[in-house]
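*Asks:* here are the coordinates; sequence isn't available:
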């Protein structure tokens, strides 16, 4: 048996596969103790852990530790003169018209930073050697207070040559063996001191939290006789054995959203669709990602609470438009949705757990697009009257009926999602009309059609068991690692530049292959290559993918051609000679595919339900066909909207001018009439 468990902000999802059959479970999350929610999902799914060969887990533990400032007390060791990098940050303001704007607060104070006498230059050459005797005395005084549980080491130009970082780590380990040590060279070997220092500090901040969480979870699994392989999902769309997390836990920040994207890629790919825009709308937020030719866009940097993190992550944009997002009125009287969420505790008012503010799930209850008797397939009791009651004050303030207020809130959430999709499509040089929208999560299929209309997208694919697609994505994802390295190489060096590219990629390939072997992954590895490039004088780079087949015969002219093509796509210009272009950083990905994972349609309900219901949509009550997924398959010409399709873990809304059909993989296809 193989099992995926994904802990979300509101629900914890489980997908188990045994002998080609799929079973699913969905239970409320326990935000304060996420491992309890995970164990509850295993119990709800009737999982005998002694029979599980492969368990994959995704959670928000690392993200929450940063957002809630509940990481381990951390000390930072840096080069003398660079103590204030985390506080100076960058000169940009994310909110340029806010008179009270403050820069993001680092997770440590200035007193937690120790300056070390040493210096490397940008070429990795020693300018000032590290005096181990003097440094050991410094460390004894600074770390001997017992105030810290974790140490971050980020020395100037450590990306170019990590020798001094290794020396310093050895000194700390010798004097204070109980401290967790994180070197920047193990987290990100890329330039830009602020981003690199921030990433290393945050990695050290969350590492003891992740280690403690995983030890606790592993202990509970062992008590139930689990002896299989335990893997953790990463933000980059791949997973790693749990031992890999002991080196760099920061890679697990956005494991849930990344798993959802990979599940969507897998399920949509079975129906022949590779150009996708994924829409994951859960209880807390909505995550969107663009997928081109079956490959999600990858970004080299992300941020949490305004703090930058340099690590490969799927290019996912998140907005506060989940089922638990609070509907409220701003100072100007405008109706707003999110980013604050009711989460799992207390949750929307209809959950009956003490929620007193209107949320999007409550709005759907009021407008009839979620039916109380079929919430989570009828396995969870919800209170429709409570949902209506929390909208009363808001509707009075807006001088609208309850139904009009709820409908307007849903439309505001739709607008937030449209803006997020534009960020990953039109603002990245991609036309959303060329893509298929793939909604999932508990609420995604409810909003997908109206969002698609705003973007002029004519095809929507809703996977079976869409509400637990992220848990399925855990099992469908590859084992994956990335190696990054900053080395500036001007294309004007001609074929010498091409030779350096091949040499550096060869060295990186050796390192990443050894890392996989150390983790016990002996499968055949597949490699992906990319370069961060720019015109000389530009402040930032764009990523240029390199086909592995081109690498052996790579020339400077080929590199320039690939760069111009990528630059044209983003900025609509790119022609230039080699004297003006340069390589900045190298990226190498290595992956190993898991065992063949069956489609998510195995084991779905074949229950045929067909009836009528009423919903309030776009300002009026509408008579609506009510169906189960199995009922659509019986309609040879498809089902025209308006229709509601109840699918156990989610509900699909089919508006007027849309038609729903079911394909051979049990994906529901919605087509918009021109």
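*Replies:* Here it is on my side, so go on. Here the structure is a predicted model, which means the values were calculated and not measured.

*Asks:* When you work out contacts or count neighbours from here on, use the C-alpha atoms and nothing else.
*Replies:* Noted.

*Asks:* in stretch 412-429, what counts as buried?
*Replies:* Judged by neighbour count using 16 or more other Cα atoms under 10 Å, the buried positions of stretch 412-429 are 412-418, 420-425, 429.

*Asks:* wait, I meant stretch 22-32
*Replies:* Buried residues in stretch 22-32, counted by 16+ other Cα under 10 Å: 22-31.

*Asks:* and what of stretch 568-575?
*Replies:* When burial is assessed from 16+ other Cα under 10 Å, stretch 568-575 yields the following buried residues: residue 574.

*Asks:* Let me see the mean pLDDT of that stretch.
*Replies:* Mean pLDDT, stretch 568-575: 78.

*Asks:* what does stretch 518-537 give?
*Replies:* Regarding stretch 518-537, the rounded mean pLDDT is 90.

*Asks:* average pLDDT across stretch 665-673?
*Replies:* pLDDT averaged over stretch 665-673 gives 90.

*Asks:* got the contact list for it?
*Replies:* 268, 270-271, 458-464, 599, 601, 629, 654, 657-663 (Cα atoms under 8 Å, 6 or more residues apart in numbering).

*Asks:* Could you pull out the buried residues of that stretch?
*Replies:* Result for stretch 665-673 [16+ other Cα under 10 Å]: buried residues 665-672.

*Asks:* Mind listing what's buried along the longest helix along the chain?
*Replies:* Longest helix in the chain by number of residues (criterion: DSSP state H): helix 193-223. Buried residues in helix 193-223, defined by neighbour count with 16+ other Cα under 10 Å: 193-211, 213-214, 217-218, 221.

*Asks:* so residue 609 makes contact with residue 633?
*Replies:* No - under the criterion of Cα atoms under 8 Å, residue 609 makes no contact with residue 633, lying 11.5 Å away.

*Asks:* okay, those two: which has more neighbours?
*Replies:* Per other Cα atoms under 10 Å, whichever of residue 609 and residue 633 has more neighbours is residue 633, with 20 against 14.

*Asks:* can you give me phi and psi for that one?
*Replies:* Per-residue torsions, residue 633: phi -60, psi -20 (degrees, to the nearest 10).

*Asks:* what stretches of this protein score poorly on pLDDT?
*Replies:* Low-confidence segments of the chain (pLDDT under 70): 378, 576-578, 601-607, 674.

*Asks:* can you list the domains in it?
*Replies:* Domain ranges of the chain: 67-210, 479-592, 610-672, per automatic domain parsing.

*Asks:* Relative to residue 56, which of those is closest?
*Replies:* Proximity to residue 56, assessed across the domains of the chain by Cα to Cα, is greatest for domain 479-592 (10.8 Å).

*Asks:* now the end-to-end length of that closest one.
*Replies:* From its first residue to its last, domain 479-592 covers 5 Å (Cα to Cα, to the nearest Å).

*Asks:* going forward, begin numbering at 197 instead of 1
*Replies:* That works, and once the first residue is 197, the last one we named lands at domain 675-788.

*Asks:* roughly how far out does that domain sit from the chain middle?
*Replies:* Distance, stretch centre to chain centre, for domain 675-788: 24 Å (Cα atoms, centre = their mean, to the nearest Å).

*Asks:* With stretch 361-369 instead?
*Replies:* Distance, centroid of stretch 361-369 to centroid of chain: 32 Å (Cα atoms, centre = their mean).

*Asks:* which outside residues touch that stretch?
*Replies:* By Cα under 8 Å, 6+ apart, stretch 361-369 touches 328, 332, 335, 349-351, 354, 375, 377, 379-381.

*Asks:* Helices - which of those land there?
*Replies:* Judged by DSSP H, these include 328, 332, 335, 380-381 as members of helices.

*Asks:* Generate a PyMOL selection restricted to the buried entries among the residues you listed.
*Replies:* Buried members of those, defined by 16+ other Cα under 10 Å, are picked up in PyMOL with:
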select buried, resi 332+335+380+381
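
*Asks:* wait, which of the domains of the chain is closest to residue 555?
*Replies:* So among the domains of the chain, domain 806-868 is nearest, using Cα to Cα, at 16.7 Å.

*Asks:* Would you mind giving both backbone torsions of residue 486?
*Replies:* Here is the backbone geometry of residue 486 (degrees, to the nearest 10): phi -100, psi 130.

*Asks:* That one and residue 619 touch, don't they?
*Replies:* No - using Cα under 8 Å, residue 486 is not in contact with residue 619; the gap is 9.7 Å.

*Asks:* picking up where we left off before, in a markdown table: the ones in helices among the contacts of stretch 361-369, plus distance to residue 760.
*Replies:* As requested, the ones in helices among the contacts of stretch 361-369 are exported to a markdown table (distance: Cα to Cα, whole Å):
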| residue | distance to residue 760 |
| --- | --- |
| 328 | 48 |
| 332 | 50 |
| 335 | 49 |
| 380 | 32 |
| 381 | 31 |
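
*Asks:* And the ones in helices among the contacts of stretch 361-369, which is closest to residue 297?
*Replies:* Nearest to residue 297 out of the ones in helices among the contacts of stretch 361-369 is residue 380 (Cα to Cα; 29.6 Å).

*Asks:* where's that closest one relative to residue 448, distance?
*Replies:* Distance, residue 380 to residue 448, using Cα to Cα: 17 Å.

*Asks:* Repeat that for residue 664.
*Replies:* Per Cα to Cα, residue 664 is found 19 Å from residue 448.

*Asks:* Comparing the two, which residue is more hemmed in?
*Replies:* residue 664 (30 against 27).

*Asks:* Doesn't the more buried one lie inside a strand?
*Replies:* No - Residue 664 is assigned helix when assessed by DSSP: H, G, I helix; E, B strand; the rest coil, not a strand.

*Asks:* Tell me how far it lies from residue 431.
*Replies:* 18 Å.

*Asks:* what does residue 321 give?
*Replies:* According to Cα to Cα, residue 321 and residue 431 sit 33 Å apart.

*Asks:* So which of the two has more stuff around it?
*Replies:* Set side by side, residue 321 and residue 431 show more neighbours around residue 431, with 25 against 14, by other Cα under 10 Å.

*Asks:* In three-state terms, how would that one be classified?
*Replies:* Assignment for residue 431 (three-state DSSP): coil.

*Asks:* so who does it touch?
*Replies:* Contacts for residue 431 (Cα under 8 Å, 6+ apart) come out as 447-451, 453-454, 508-510.

*Asks:* neighbour-wise, which of those leads?
*Replies:* In terms of neighbours by other Cα under 10 Å, the contacts of residue 431 top out with residue 453 at 33 neighbours.

*Asks:* my read: it touches residue 667, true?
*Replies:* No - using Cα under 8 Å, residue 453 is not in contact with residue 667; the gap is 10.1 Å.

*Asks:* just to revisit the earlier point, can you redo the contacts of residue 431 as CSV with distance to residue 771 and secondary structure?
*Replies:* Listed next are the contacts of residue 431 as CSV, based on distance: Cα to Cα, whole Å; DSSP: H, G, I helix; E, B strand; the rest coil:
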residue, distance to residue 771, secondary structure
447, 36, helix
448, 39, helix
449, 38, coil
450, 37, coil
451, 38, helix
453, 37, helix
454, 35, helix
508, 28, coil
509, 29, strand
510, 29, strand
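
*Asks:* What about this protein, which residue is the most distant from its middle?
*Replies:* Centroid-distance maximum for the chain: residue 329 at 43.8 Å, with Cα atoms, centre = their mean.

*Asks:* Distance of that residue relative to residue 213?
*Replies:* Residue 329 is 57 Å from residue 213, by Cα to Cα.

*Asks:* Strands of the stretch 197-346 of the chain, residue ranges please.
*Replies:* For the stretch 197-346 of the chain, the strands defined by DSSP state E, counting those that start in this stretch occupy 198-203, 207-214, 217-224, 250-254, 270-275, 309-312, 315-316, 322-324, 346-350.

*Asks:* what does the third one rub up against?
*Replies:* Judged by Cα under 8 Å, 6+ apart, the contacts made with strand 217-224 from elsewhere in the structure are 206-213, 233, 236-237, 240-241, 540, 664, 794, 796-800, 845.

*Asks:* buried subset of those?
*Replies:* 206-213, 233, 236-237, 241, 540, 664, 794, 796-798, 800, 845.

*Asks:* I'm done for today, thanks for sticking with me.
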